[in-house]
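Student: Sequence and predicted structure, then a few things I'm wondering about:
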Amino acid sequence: MYSRFPRMFHFLLLVLCSLTPVVAASAQANARQQQPHGDVPALDRFDIYAGYGYIHPVDSDINNYHYQPVYNPNATLSFTGYFNRHIGVQVEGGYFSGPNSDVLAAKCASQGLWCQYKDPNYYTAEAGPVFRYQFGRLVPFVHLLGGAARISGPINQPPTWGWATTGGVGVDYILPWWHNRIAVRPVQADFHYSQVNYGPLSPAPGFNGGLGEIYAYKISGGLVARFGSMAEPLPVQLACPVSPAVIYPGDPLNVTAQALNLDPKHKTVYEWKSSGGMLTPNDGGASISTAGLAPGDYTVTGHVSQGRRVNEQASCQGSFTVKPYEPPTVTCSATPSTLKTGDSSTITANGVSPQNRPLTYSYSSTAGQIAGTGPTTTLSTNGVPPGTINITCNVVDDLGKTAMASTTVTIEVPPVVAAVPQSQSLCSVSFERDRKRPVRVDNEGKACLDDVALNLNRDPASKLVIVGKYSSDEDQIAGEKRSVNVRAYLIEKGVDGSRIEVRVGDASGRSADDVLLPSGATYNNGGTTFDPSTVRPSLNGSARRHVARRHRTSTTN
């Protein structure tokens with residue numbers, strides 16, 4: 001029996017050593033298979049454990065012959081596969097054998113019996129669930145196994161199969177080398193129960209047979225080779241941004257599903273809810289109809305699931321705000337803004353709706369008439385007195401929201417036009433009475449001219465136009481002489497000759513018209529100007545005496 005244990009130990013050691021390159025290759029393969037964000041492989045972990053064991057029956061006997069502990073360290077080998085990060089299934093086998101014949105011999109001798117001694121041995125083959133939880137590099141676990149056991153009796157019973165169950169705890173420490181593929185199991189402590197029926201109990205020497213119930217504890221320790229995915233899959237994450245985040249009633253919304261760490265091999269289920277609006281799921285998320293929503297803040301909730309576990313589900317929350325429609329704005333202008341009574345001005349209203357709502361225009365004014373309901377209209381000012389007209393431009397959208405602006409139009413005061421001085425017809429001198437001297441100013445004519453001279457002296461800035469006329473049986477020179485003679489008389493009466501303009505008129509009769517021109521007045525009523533120095537006047541008596549005196553004075557000097 002002593003030779004069996006070294007052989008078993010060497011075998012287990014060779015198994016673990018041969019697994020080392022396989023472990024390294026598996027680590028490299030897993031490193032290559034790691035996918036970013038949601039393509040993390042499914043968890044497919046399994047461990048192989050090989051260790052030394054010790055089993056010690058307690059109060060287990062057949063006919064007061066007790067099962068003996070196996071002092072010699074023996075082997076335990078297990079294979080564990082994990083469904084997820086905590087739960088798996090374990091298959092375990094054990095071999096325990098040791099030289100306890102000296103103990104049995106002493107027992108038999110003390111009773112005066114002869115016994116056929118055999119070393120005790122235990123073979124176990126069990127399977128069951130295992131639960132683990134990792135704290136950093138420490139991995140405590142609990143397992144419960146059931147199966148079969150082949151156990152030799154306490155005295156002269158050959159190894160026989162029976163049923164068995166084992167339950168216990170242990171802990172692994174993951175070594176920081178070889179890509180975390182090797183762990184040390186310092187202890188695995190189990191309680192073992194088995195029942196073996198060796199057959200009928202015989203009182204003959206050797207005491208073969210009997211029903212054995214073994215209550216034992218097992219302790220083992222060794223190494224663990226770790227295979228499969230070492231990293232836990234990242235938990236599923238979900239974000240659901242809403243775009244746009246601020247809208248007006250009726251504007252469309254889109255919710256985008258942004259999921260991370262999904263497993264492409266699993267079915268993905270999305271669920272959406274909204275606190276307002278009509279939500280319609282689609283491939284990329286959901287769309288929301290906001291028609292009729294009242295202004296306020298709303299919430300959208302999303303959920304994604306690939307299974308029942310917590311790390312296979314995620315939720316998200318987005319929000320959006322519905323703003324009330326803003327009222328329109330309007331500006332108002334008038335072109336031209338200054339005009340005369342009776343003129344027209346174009347009124348322009350520039351209305352703007354921030355949400356492009358349809359607009360309706362209207363106008364009012366404090367004077368004048370406005371017609372039209374479009375962006376432009378016309379102000380008529382017929383009969384409007386000078387002053388300021390206030391004009392209001394109004395705009396209303398289809399929701400009843402209004403805006404107004406104003407402008408002014410000024411009606412000018414008509415400019416004061418200075419009165420244009422007008423020419424004034426004075427008396428006309430007739431030359432019909434003295435046919436022998438047809439160009440001589442007679443007494444009646446002098447009376448007329450005295451009144452003309454008086455008017456000229458009253459207004460020193462005024463001037464006089466004399467238009468001499470002639471009859472059809474006369475030459476034009478007759479008209480010129482009449483103008484010159486009238487001028488000469490007025491000069492005699494003290495009128496400055498430069499203020500008198502002489503003209504010759506048409507052949508309409510023997511007369512001379514006198515026209516007074518106040519300052520600023522012009523004469524345009526006919527006649528032709530001529531130079532009076534070219535016509536010798538025919539002087540009357542007074543005129544001749546005046547000329548004679550001037551001649552004598554000139555001679556004396």
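Tutor: It's in.

Student: Now do the same contact list for the residue nearest in space to the middle of the chain.
Tutor: Central residue of the chain (C-alpha atoms, centre = their mean): residue 244, 6.1 Å from the mean position. For residue 244, the contact set (C-beta atoms under 8 Å, 6 or more residues apart in numbering) comprises 251, 253, 320. For every residue, glycine as well, the C-beta is placed using N, CA and C.

Student: Tell me the span between the first and last residue of stretch 59-69.
Tutor: Counting by C-alpha to C-alpha, to the nearest Å, you get 11 Å between the two ends of stretch 59-69.

Student: how far out from the middle of the chain is it?
Tutor: The chain centroid and the centroid of stretch 59-69 are separated by 84 Å under C-alpha atoms, centre = their mean, to the nearest Å.

Student: Go ahead and confirm residue 362 touches residue 394.
Tutor: Yes: Residue 362 is in contact with residue 394 according to C-beta atoms under 8 Å; the separation is 4.6 Å.

Student: What is the burial count for residue 64?
Tutor: 9 (other C-beta atoms under 10 Å).

Student: which of the contacts of residue 244 lies closest to residue 434?
Tutor: Distance to residue 434 across these (C-beta to C-beta) is lowest for residue 251, with 110.7 Å.

Student: Is the closest one in a helix, a strand, or coil?
Tutor: coil (DSSP: H, G, I helix; E, B strand; the rest coil).

Student: Contacts only, for it.
Tutor: 244, 290.

Student: cutoff 7 Å now
Tutor: residue 290 (C-beta atoms under 7 Å, 6 or more residues apart in numbering).

Student: Need phi/psi at it.
Tutor: phi -70, psi 140 (degrees, to the nearest 10).

Student: I'd like to know how far it sits from residue 336.
Tutor: From residue 251 across to residue 336, the span is 43 Å (C-beta to C-beta, to the nearest Å).

Student: for the stretch 1-150 of the chain, what spans make up the strands?
Tutor: Ranges of strands in the stretch 1-150 of the chain, per DSSP state E, counting those that start in this stretch, are 46-57, 61-62, 65-66, 70-82, 87-97, 121-132, 138-151.

Student: Let me have those strands in JSON lines, extended by distance to residue 424.
Tutor: Shown next, in JSON lines, are the strands of the stretch 1-150 of the chain (distance: least, C-beta to C-beta, whole Å):
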{"stretch": "strand 46-57", "distance to residue 424": "138"}
{"stretch": "strand 61-62", "distance to residue 424": "170"}
{"stretch": "strand 65-66", "distance to residue 424": "170"}
{"stretch": "strand 70-82", "distance to residue 424": "134"}
{"stretch": "strand 87-97", "distance to residue 424": "133"}
{"stretch": "strand 121-132", "distance to residue 424": "135"}
{"stretch": "strand 138-151", "distance to residue 424": "135"}
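
Student: can the ones you listed go into CSV with extra columns for mean neighbour count, mean pLDDT and distance to residue 349?
Tutor: Output for these, formatted as CSV (neighbours: other C-beta atoms under 10 Å; pLDDT from 0 to 100; distance: least, C-beta to C-beta, whole Å):
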stretch, mean neighbour count, mean pLDDT, distance to residue 349
strand 46-57, 21, 91, 82
strand 61-62, 18, 86, 114
strand 65-66, 18, 80, 114
strand 70-82, 20, 85, 78
strand 87-97, 19, 92, 77
strand 121-132, 19, 93, 80
strand 138-151, 18, 95, 80
